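[1] Provided below are the primary sequence and the corresponding predicted coordinates.
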Amino acid sequence: MGQRTKSFTNYSNFSRSWSGYSCFFTTRQERKDRQREKIESQPKLIMEYEPNAYPDIYCPAKSYSVGIGNWLNRKFLRIAIRNEGRGVANQCTARLRIIMDKNDNFSPSLEPKTLLWESMSTVEDIGVRNHAILDVIFSDSMEGREKKAFVSTPFNLEEKNLINPLTKDGFHIGNYTFELEVRTIDGFSVKNNFKIHVTDKWDEISMEEIDSP
């Protein structure tokens, strides 16, 4: 009887141990599955800039009336932010930061500058497999200004400020490098560096994407 009781007890302990291990591995797998599902449901932001293929989207021009018989021309440089993830990119905001170079003696001020979306808002939701257009920099045909181009902040793009964009947001003639970052309220982001080329002709402004450091 003693041997039978001992044998039964060992089997019972083994059964309980195996059940515990099985539950542990099941829980761990479920945790991994939930983590994978969470990652797969996240947004994935990508910057697109194709001015040669789609000039009307990325570098359009527009004329504004600033008085009887007087017109102001502007050329806009824009970037598309595409969401290639499986989750909505909620409340996206964009900031431009000038990267100082030894040759940039007349750069705009160095604090990060909030940009405006094409929707005329500083905050934008980007749906799954969708995109939004971001205004970055513009030039205009106003004569007599030392600054030839300006960062596309909400203030500078208001029509009441057509003639007087902020000087601290302006570029002299020359080449400048800046960092552009778009971030969701949940902390997902994309960041790239660009170089802008400013000349004395308003319609010659251009920019190019460069490798981030």
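    All right, it came through fine. Numbering: from 1, shown residues only.
[2] nearest spatial neighbour of the spatially most central residue of the chain, skipping sequence neighbours?
    Nearest residue to the geometric centre of the chain (CA atoms, centre = their mean): residue 182, 2.3 Å. Distances taken as CB to CB, 6 or more residues apart in numbering place residue 94 nearest to residue 182, at 4.7 Å, with adjacent residues excluded. Bear in mind the C-beta positions are built from the backbone N, C-alpha and C, glycine included.
[3] which element, helix or strand, includes the nearest residue to residue 159 once chain neighbours are set aside?
    In space, and not counting its chain neighbours, residue 159 is closest to residue 64: 6.9 Å by CB to CB, 6+ apart. Assessed by DSSP states H and E, residue 64 sits inside strand 61-65.
[4] need the contact partners of that strand.
    For strand 61-65, contacts defined as CB atoms under 8 Å, 6 or more residues apart in numbering pick out 71, 72, 73, 74, 75, 76, 159, 162, 203.
[5] compute the inter-axis angle for the very next helix or strand once past it and strand 61-65.
    Reading on from strand 61-65 to the C-terminus, the next helix or strand found by DSSP H and E is strand 71-83. Interaxial angle of strand 71-83 relative to strand 61-65 (axes from the mean of the first three to the mean of the last three CA atoms, to 10 degrees): 140 degrees.
[6] partners of strand 71-83, with directions?
    Its sheet considered, strand 71-83 pairs with strand 45-48 (antiparallel), strand 61-65 (antiparallel), strand 130-140 (antiparallel) by DSSP bridges.
[7] just name the most buried of the ones you listed.
    Sort the strands paired with strand 71-83 by mean neighbour count, taking mean count of other CB atoms under 10 Å, and strand 130-140 sits at the top with a mean of 21.
[8] off-centre distance for that one?
    Averaging C-alpha positions (CA atoms, centre = their mean, to the nearest Å) puts strand 130-140 11 Å from its chain's average.
[9] and this protein, what are its domain boundaries?
    Per the record, the chain has its domains at 1-40, 45-210, by automatic domain parsing.
[10] the ones you listed: lowest mean pLDDT?
    Least confident of the domains of the chain, judged by mean pLDDT, is domain 1-40 with a mean of 56.
[11] all helices of the protein, in order?
    Remark: helices assigned in the chain by DSSP state H are 2-40, 55-58, 154-157.
[12] ok so, going back, tell me what the residue nearest to residue 159 is bridged to.
    Per DSSP bridges, the residues bridged to residue 64 are residue 72.
[13] circling back: touching, the residue nearest to the centre of the chain and residue 83? I think so.
    No. Between residue 182 and residue 83 there is no contact, the gap being 10.3 Å when judged by CB atoms under 8 Å.
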